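Participant: What follows is a predicted protein model with its sequence.
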Amino acid sequence: MAPTVSKRIKTLSVSRPIIYGNTAKKMGSVKPPNAPAEHTHLWSIFVRGPQNEDISYFIKKVVFKLHDTYPNPVRSIEAPPFELTETGWGEFDINIKIYFVEEANEKILNFYHRLRLHPYTNLVPSSNNGNEQNTTDHNSKDAEVSSIYFDEIVFNEPNEEFFKILMSRPGNVLPSNKTDSCVYSKQLEQEEIDRIEIGIEKIDKEIDELRQKLESLVKEEAINGS
């Protein structure tokens, strides 16, 4: 006899925040056992709550699909923490599939994360003339690199049984400022927005300069042709 299907709750949506991404650090002369000689970094990829909360009450397992050069590239993590640690030398896209608990009766959530091993190059305003410049903190070349994203999983019209499970735990919230227990925060989000705005301003300036050059060339050709 087939199990009874719980009715879905119309016009209701429930969201649960998660963070996902990777950390990486350059290895020294001492490497983990069985690490290939050409591998230079130790990295970990994960899916977890914003403040390391237990999310296994609604997530059954997480499957990471690594580059095909790795032995057994499809890695299934079926208990928290939903995290995988490996070594490597290059950056590549990792396919992430989140499977929800049976009561959810929800489709698999499928997305990608670009493994980051090296620091970002940040755009910062110059103190002399207001122009932007590329900067790299060479003093932190051996520091841990983080590439972490915040997102919300939205369950539209969850069934009654799954709704009870979701409501059995309080909603996870982000702290207002960066803390040691939560590497992603509103502060980091604002920093990323600032970098994007700086980039937009730089592009707008370059467009204006090119437009002025084009107008000058058109006028010059008109004068020479007359």
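Facilitator: Perfect, thanks for sending it. Numbering: from 1, shown residues only.
Participant: Partner strands of the strand with the most length in the chain and their direction?
Facilitator: Of all the segments of type strand in the chain, defined by DSSP state E, the longest one is strand 13-26. With DSSP bridges as the test, strand 13-26 is paired with strand 41-48 (antiparallel), strand 145-156 (antiparallel).
Participant: need the next SSE after the first one, C-terminal direction.
Facilitator: Think strand 41-48. For strand 41-48, the succeeding helix or strand toward the C-terminus, using DSSP states H and E, is strand 59-65.
Participant: next helix or strand past that following strand?
Facilitator: Following strand 59-65 in sequence, per DSSP H and E, is strand 74-77.
Participant: for that following strand, what is the average pLDDT?
Facilitator: Over the span of strand 74-77, the pLDDT mean works out to 98.
Participant: before we move on, the earlier item: single out the most deeply packed of the strands paired with strand 13-26.
Facilitator: Stretch with highest mean neighbour count among the strands paired with strand 13-26: strand 41-48 (a mean of 20; mean count of other CB atoms under 10 Å). Where C-beta positions appear, they are placed from N, C-alpha and C, glycine not excepted.
Participant: the inter-axis angle of that one versus strand 59-65?
Facilitator: Counting by axes from the mean of the first three to the mean of the last three CA atoms, to 10 degrees, strand 41-48 lies at 150 degrees to strand 59-65.
Participant: Name the nearest residue to Y149, sequence neighbours excluded.
Facilitator: Leaving aside its chain neighbours, Y149 sits nearest to G21 (5.4 Å; criterion: CB to CB, 6 or more residues apart in numbering).
Participant: what helices or strands is the host helix or strand of E197 leaning on?
Facilitator: Element membership for E197 (DSSP H and E) is helix 186-225. Counting contacts by 3 or more CB pairs under 8 Å, 6 or more residues apart in numbering; DSSP states H and E, helix 186-225 is packed against strand 122-125, strand 132-135.
Participant: now it, how far from the chain's geometric center?
Facilitator: Here helix 186-225 is found 29 Å from its chain centre; the criterion is CA atoms, centre = their mean, to the nearest Å.
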